[in-house]
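Chemist: predicted model and sequence follow; I will ask about them next.
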Amino acid sequence: MLFVAAGLRRFAALNGCEWLTRCRAADFASRQIRWAGMATVELCEATQCYSAGRRAVDDVSLRVDDGELLVVAGPSGSGKSTLLRLVAGLERPSTGRILLGERDVTRWAPHRRNVSMVFQHDALLPHLTVQRNLEFGSQLRLRGGISVQRLRHWINPAKAAVQQAAASEIGNRVRQAAELLGITSLLRRRPQELSGGERQRVALGRAMVRDPAAFLFDEPLSSLDAEHRRQLSDALRDWHRRRGVTTLWVTHDQAEALAVADRIAVMHRGRLQQVATPSALYWQPTNLMVARFIGTAPINVVGGYWQPDGERSVLVDDGGRRWSFAGEPSRGQTPGADGARVILAFRPEDVRQQPDPPGLVLPTAAVTQVGWRGDHALVGLAPVEGAPALWRVRCEGTPPAMGETRHWSVPAARCLWFDAATEKRMGI
């Protein structure tokens, strides 16, 4: 054994510099392949089953393009975090495949996938300082699993150069991440000396100092207060644009998803509902679930059936109220034939006071709630006649007084119609 070790050291002393140069060249070439468009993430008909046949992820096919920031959003229990764990390799899918850079990595161990993941909880090393925790995520390794630390004992001629290059690169990455996240003053502290929000920022920094093929964020801003959440979401968005690394971001906060995403994938009960840009999800939801989930203020939903009334159509809702409709729906939607069961949805900001262009005329309603949201108020309307109901209206400026009765309408172009049986949007 000693003879073999001596031989390796002698070989390294003679050829170490040349061998190290080749390793670095191979490392550079592999990075060039990734930057050339190979850092895609794709799930192909992935399904994850647990006990009693429960499917946390149900036949999901999703592709994240090279350099794209895609957010997976949905309510709690929809399978978002499980999907992220499948990509990271922490779980193996029951069926289906996981592709990274066009390679099938379904059965690869997590450390072979070259992805950087931020968990919902910080998962820091408690015995290390903040700086050491950040450096832990940026340990420079050569291809083949041979670390710089081990090379120091083998390649004496290259030892100083390797040490200097590694220290400089790690120091630059740590400094940039600390400045971006505002944790420069915390570098000498240990995790137990930090607040929950500070620990989460350190966890973000540990992922950012690496150079992976893809970033995986699992609710990265959930433990931060509103002010830091807004600042960090803007900072991370700007950082992503500069780095251009493929990013898969999971969150239950639809406002956060709308703010940072290139595209959003909405999940519900393990199934993928819709994948589209933020504006397309907001104005053209594929079903009622997406319409309810996307939007800072709850969307108004009314169920009923159509009834002829001369040249106009009338929607008779479940409370017996009559909604007069005139005009042509937009985007190819049709309310349906007379007597058909439909679901009407309209957003609070689309409600207008009459007179207005032809559209949907709401039944007479009185103001029962007024809630200020900064530069506007969210007003609750209760119908004067029929079964109890509540509709929400966004009012700019001074809102109506409590108990005041007014007439409201919704432009035809802003009405969303869904089939009552399938809850899918009509006209698609």
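Modeler: Alright, I've got the coordinates. All of these numbers come straight from a predicted model, not from anything done at the bench.

Chemist: residue contacts, I294?
Modeler: Taking CB atoms under 8 Å, 6 or more residues apart in numbering as the contact definition, I294 lies against 254, 258, 264, 266, 281-282, 285. Just so you know, the C-beta spots here come from the backbone N, C-alpha and C atoms, and that holds for glycine as well.

Chemist: if you skip the residues just before and after it, what's nearest to it?
Modeler: Among residues not flanking I294 along the chain, L281 sits closest, at 5.0 Å (CB to CB, 6 or more residues apart in numbering).

Chemist: what helix or strand is that neighbour located in?
Modeler: According to DSSP states H and E, L281 maps onto helix 278-283.

Chemist: quick one: contacts of that helix?
Modeler: By CB under 8 Å, 6+ apart, helix 278-283 touches 257-258, 261, 263-264, 266, 274, 290, 294-295.

Chemist: same question for stretch 39-58.
Modeler: 59-67, 79, 82-83, 86-87, 91, 93-102, 213-214, 245-246, 248, 269-271.

Chemist: mind checking which of these are buried?
Modeler: Buried subset of the contacts of stretch 39-58 (neighbour count, 16 or more other CB atoms under 10 Å): 60, 62, 64, 66-67, 79, 82-83, 86-87, 91, 93, 96, 98-101, 213-214, 245-246, 248, 270-271.

Chemist: what about the residues you listed, which are in helices?
Modeler: Cross-referencing these against helices under DSSP state H gives 82-83, 86-87.

Chemist: with pLDDT and distance to C415 added, can I get these in a markdown table?
Modeler: Shown next, in a markdown table, are those (pLDDT from 0 to 100; distance: CB to CB, whole Å):
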| residue | pLDDT | distance to C415 |
| --- | --- | --- |
| T82 | 94 | 36 |
| L83 | 95 | 33 |
| L86 | 95 | 39 |
| V87 | 95 | 38 |
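
Chemist: what is the most widely separated pair among the residues you listed?
Modeler: Distances among those were taken as CB to CB; the most separated pair is T82 and V87, at 10.1 Å.

Chemist: avg pLDDT for the helix holding L281?
Modeler: Averaged across helix 278-283, pLDDT comes to 93.

Chemist: how about stretch 236-243?
Modeler: 85.

Chemist: same check, this time on stretch 384-393
Modeler: 85.

Chemist: what's the pLDDT at the spatially closest residue to A214 that is not a sequence neighbour?
Modeler: Nearest non-adjacent residue to A214, counting by CB to CB, 6+ apart: T246, 4.3 Å away. Listed pLDDT for T246 reads 92.

Chemist: just the contacts of I294: which are in helices?
Modeler: Judged by DSSP H, the contacts of I294 include 254, 258, 281-282 as members of helices.

Chemist: ok, and the most crowded of those?
Modeler: Within these, most neighbours by other CB atoms under 10 Å means L281, with 27 neighbours.

Chemist: ok, the closest residue to D419 other than its chain neighbours - how many residues close by?
Modeler: In space, and not counting its chain neighbours, D419 is closest to M426: 6.0 Å by CB to CB, 6+ apart. M426 is flanked by 19 other residues according to other CB under 10 Å.

Chemist: show me the helices in this protein, by range?
Modeler: 2-33, 80-88, 130-136, 148-154, 159-181, 196-208, 226-243, 254-260, 278-283, 288-293.

Chemist: who's in contact with the second one?
Modeler: It refers to helix 80-88. 41, 43, 46, 48, 56-57, 60, 62, 72-74, 91-93, 98, 100, 110, 113, 115, 117, 120, 214, 216, 218-219, 248, 250-252, 267.

Chemist: CA atoms only: put that helix into CSV for me.
Modeler: In CSV, the C-alpha atoms belonging to helix 80-88 read as follows (Å, rounded to 0.1, in the frame of the first residue of the first chain):
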residue,chain,number,x,y,z
LYS,A,80,-45.6,20.9,-5.4
SER,A,81,-42.8,19.9,-2.9
THR,A,82,-43.0,16.2,-3.9
LEU,A,83,-42.4,17.2,-7.5
LEU,A,84,-39.4,19.2,-6.5
ARG,A,85,-38.0,16.3,-4.5
LEU,A,86,-38.4,14.1,-7.5
VAL,A,87,-36.2,16.4,-9.6
ALA,A,88,-33.6,16.7,-6.8
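
Chemist: what residues does the most centrally placed residue in the chain make contact with?
Modeler: A centroid search over the chain (CA atoms, centre = their mean) returns V71, at 2.3 Å, as the residue closest to the centre. For V71, the contact set (CB under 8 Å, 6+ apart) comprises 249-251, 256-257, 260-261, 263-265.

Chemist: identify the residue spatially nearest to it, adjacent ones excluded.
Modeler: Using CB to CB, 6+ apart, the closest residue to V71 is A261 (3.9 Å).

Chemist: wait, that neighbour touches L70, no?
Modeler: Yes - using CB atoms under 8 Å, A261 is in contact with L70, at 6.6 Å.

Chemist: list residues touching both of those two?
Modeler: W249.

Chemist: sorry, back to before: for ChimeraX, write the selection for the buried entries among the contacts of V71.
Modeler: In ChimeraX, a selection of the buried entries from the contacts of V71 looks like this (16+ other CB under 10 Å):
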select :249,250,251,256,257,260,261,263,264,265
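
Chemist: make CSV from the contacts of V71 and add distance to R206 and pLDDT to it.
Modeler: As requested, these are exported to CSV (distance: CB to CB, whole Å; pLDDT from 0 to 100):
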residue, distance to R206, pLDDT
W249, 17, 94
V250, 18, 94
T251, 19, 93
E256, 21, 90
A257, 23, 92
V260, 20, 91
A261, 23, 92
R263, 26, 96
I264, 26, 96
A265, 26, 96
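
Chemist: low pLDDT regions in the stretch 1-150 of the chain?
Modeler: Low-confidence segments of the stretch 1-150 of the chain (pLDDT under 70): 1-38, 137-150.

Chemist: which segments of the protein make up each domain?
Modeler: For the chain, automatic domain parsing gives the domain ranges 1-37+129-187, 39-114+212-286, 297-419.

Chemist: ends of the longest one, how far apart?
Modeler: Across its full length, domain 39-114+212-286 reaches 29 Å between end residues, using CA to CA, to the nearest Å.

Chemist: contact partners for the residue lying closest to R229 once chain neighbours are set aside?
Modeler: Once flanking residues are discounted, R229 sits nearest to L221: 4.7 Å by CB to CB, 6+ apart. Taking CB under 8 Å, 6+ apart, we find L221 in contact with 200, 228-229, 232-233, 251, 253, 256.

Chemist: check the domains of the chain for me and report the most buried one.
Modeler: Scoring the domains of the chain by mean neighbour count under mean count of other CB atoms under 10 Å gives domain 39-114+212-286 as the most buried, with a mean of 18.

Chemist: if anything else comes up later, I'll come back, but that's it for now.
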